[in-house]
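Chemist: Sequence first, then the predicted structure, then my questions.
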Amino acid sequence: MQIGMRAACALAATGLAMGIAMTKQAEAAHIDSLTVKTAQGKVHGKTISDGKIKAFLGLPYAATPVGELRWKPPQPPLPWKGVRDATNFGARCAQNRIWDDMIFQDSGPSEDCLFLNVYAPADATPNSKLPVMFWIHGGAYEAGSSSEPRHNGDFLPGKGVVLVTINYRLGVFGFLATAELGREANGASGNYGLMDMAAALEWVKANIGQFGGDAENVTIFGESAGADAVCVLMASPAARGLFHKAIGASRGMFSDLFPSYNLEAREKEDGQWVATLGVKSLAELRALPAAKILEAAGAKGAVRFSPVADGKLLTEPLEATYASGRQAHLPLLAGWNRDEDNSLADSMTAEKWKAYAAEHFKERAAEFLKLYPGETDEQAARSAADFGGDSFVAFGTWKWIEAQRKTGESPVYRYHFELAAPPSKYHSGSFAFHSDDIEYVFGTLDTRPGAVWRPEDRKLSEQMMDYWTNFAKTGDPNGPGLPAWPKYGKDDEMIHLDSVVTAGRDTLRSRYEFLLKGMPGR
């Protein structure tokens, strides 16, 4: 019996030792999975979302664009020795404070900002070959960051994708175009922020496989200026082959808000602005403190810095590229929100709306009022909101979608986001406002301060995450358990994202065909 007891004890001890060894092996494997070797060196990340997601933050995809590299194309990042900590966001790009609802989790603004973040499922390995979703934030090319909580990667990668979010140079540092810069760069200036995006895509191509992503299945997606950038990158030879699908939310570069000026006009305008800084050479301009440049760029009446047809990254006006079918031929999912701009509706009455129509559309006023009616004050306010949203976002996005459908030789899926969000700290009232859709797409509803979410918000967010990730996987948003999303073909069928998701023909085409005849200033 003693022998039996000893044997049992021995077996128990052996089992305990094996259990401890296996636990240590599992812990070592977990730690090892958070260390990834990139082309520049090793990085060590962390787990988030209760251990379900691996996050690698603040990874440099280009050299620091300061000194002689200010206003130059991004250069390769420098290698490092040892293991780089990748558990904190890198600094956001230098910018002025513009929108209160932009909340950041980084250390602050800096010119040293060309960082990206990678989020992957906890069990992803270099053999996983998961679809990659590459996010370009909005902010009018003037503000924003990959560290904004609303596009955190806590949830979207849980749908079986690898998520990449990036910083890129903004405002004057990202889009200044002058003749002197052009001479230095053999005829092209501006678009440094767009060049950053292309450089980040190159980094993804070289490195994303180590994180579990498939470099041959990359979807670029963005909102507002980020969607403009998607539209531009589809037209740019510099980005060709670096991505395979595209999603654009609430803008497209077919807009008067960010016209792709010809280079000569932009260089003249920007050159006149530079002259106000009191510098006599490009070297003196590069030597100015970033704070002084930002202050001048933020002054009332200053130049607005945005993409330009520079002859290299953007070889011609976008409309010409798409009309001739020279853009990337790949699947596109795009649309906009119901209430993109309600500012025109403030205090609107039927009398004011008819006067507005007469003033801005003159002999076309009667036709305008048929499409945007205003027989009552309530109807006038709704029509003012509709026209405000159309002129700000919808019309330009519609033109992009139409152009891709006509010459892109690939499936197009169109949506209209209609669920009015509950009031929140920075957005009073209940509207499907500009940028409202971001938290739904990323599953980050709880990052919006002050919002009290309803079951229908949670349900729609889950559906949108499925649609978006399905599209990234296959080029088709449809999947099990989802309402059918038809292709945007000859019957103009689209999907309506609301508390109940429905599909049907577009009923707004007549508005945009009317606006094609001429869009007056507001």
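Modeler: Structure received.
Chemist: show me where pLDDT drops low in the stretch 151-300 of the chain?
Modeler: Confidence mapping of the stretch 151-300 of the chain against pLDDT under 70 gives the ranges 255-261.
Chemist: can you map out the strands along it?
Modeler: For the stretch 151-300 of the chain, the strands defined by DSSP state E, counting those that start in this stretch occupy 162-166, 213-223, 245-249.
Chemist: Contacts for the last one next, please.
Modeler: It stands for strand 245-249. 218-224, 226-227, 230-231, 233-234, 328, 330-336, 397, 400, 437-438, 441, 468, 471-472, 475 (Cβ atoms under 8 Å, 6 or more residues apart in numbering). C-beta: built from backbone N, CA, C; applies to glycine.
Chemist: just the angle between it and strand 213-223, please?
Modeler: 20 degrees (axes from the mean of the first three to the mean of the last three Cα atoms, to 10 degrees).
Chemist: Spatially central residue in this structure, please.
Modeler: Compute the mean C-alpha point of the chain, and by Cα atoms, centre = their mean the closest residue is Gly222, 2.4 Å away.
Chemist: Could you find the closest non-adjacent residue to that one?
Modeler: Ile136 (3.5 Å; Cβ to Cβ, 6 or more residues apart in numbering).
Chemist: With Ala249 instead?
Modeler: The nearest residue in space to Ala249 (Cβ to Cβ, 6+ apart) is Glu223, at 4.1 Å.
Chemist: Likewise for Glu267?
Modeler: Ala179 (4.6 Å).
Chemist: so the one you found makes contact with Gly271?
Modeler: Yes. At 5.9 Å, Ala179 counts as touching Gly271 under the criterion of Cβ atoms under 8 Å.
Chemist: Dig out what the residue nearest to the centre of the chain forms beta bridges with.
Modeler: Ile136, Gly248 (DSSP bridges).
Chemist: Distance check, it against Asp466.
Modeler: 20 Å (Cβ to Cβ, to the nearest Å).
Chemist: same check, this time on Ser324
Modeler: 35 Å.
Chemist: Have a look at those two and say which one is more surrounded.
Modeler: Remark: of Ser324 and Asp466, Asp466 carries more neighbours, 17 against 10, as counted by other Cβ atoms under 10 Å.
Chemist: Check which helix or strand that one maps to.
Modeler: helix 455-474 (DSSP states H and E).
Chemist: Would you reformat the strands of the stretch 151-300 of the chain as a markdown table and include distance to Ala290?
Modeler: Formatted as a markdown table, those follow (distance: least, Cβ to Cβ, whole Å):
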| stretch | distance to Ala290 |
| --- | --- |
| strand 162-166 | 20 |
| strand 213-223 | 25 |
| strand 245-249 | 30 |
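Chemist: Minimum distance to Glu202: which of those has it?
Modeler: strand 213-223 (10.2 Å; Cβ to Cβ).
Chemist: mind saving the C-alpha coords of the closest one as CSV?
Modeler: This file holds the C-alpha atoms of strand 213-223, laid out as CSV (Å, rounded to 0.1, in the frame of the first residue of the first chain):
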residue,chain,number,x,y,z
GLY,A,213,-1.8,39.8,-42.4
ASP,A,214,-1.9,39.2,-46.1
ALA,A,215,-0.1,41.8,-48.1
GLU,A,216,-2.0,40.7,-51.2
ASN,A,217,-5.4,41.4,-49.6
VAL,A,218,-5.3,45.0,-48.4
THR,A,219,-8.4,47.3,-48.1
ILE,A,220,-7.8,51.0,-47.7
PHE,A,221,-10.7,52.8,-45.9
GLY,A,222,-11.2,56.3,-44.6
GLU,A,223,-13.8,58.9,-43.6
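Chemist: same for it, what does it pack against?
Modeler: strand 130-136, helix 192-207, helix 225-235, strand 245-249, helix 455-474 (3 or more Cβ pairs under 8 Å, 6 or more residues apart in numbering; DSSP states H and E).
Chemist: Mind putting the ones you listed into a markdown table with distance to Pro449?
Modeler: Shown next, in a markdown table, are the helices and strands packed on strand 213-223 (distance: least, Cβ to Cβ, whole Å):
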| stretch | distance to Pro449 |
| --- | --- |
| strand 130-136 | 21 |
| helix 192-207 | 28 |
| helix 225-235 | 22 |
| strand 245-249 | 21 |
| helix 455-474 | 15 |
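Chemist: Which one of the ones you listed lies nearest to Asp112?
Modeler: helix 192-207 (12.9 Å).
Chemist: chain center to the closest one: distance?
Modeler: Offset of helix 192-207 from its chain centre (Cα atoms, centre = their mean, to the nearest Å): 14 Å.
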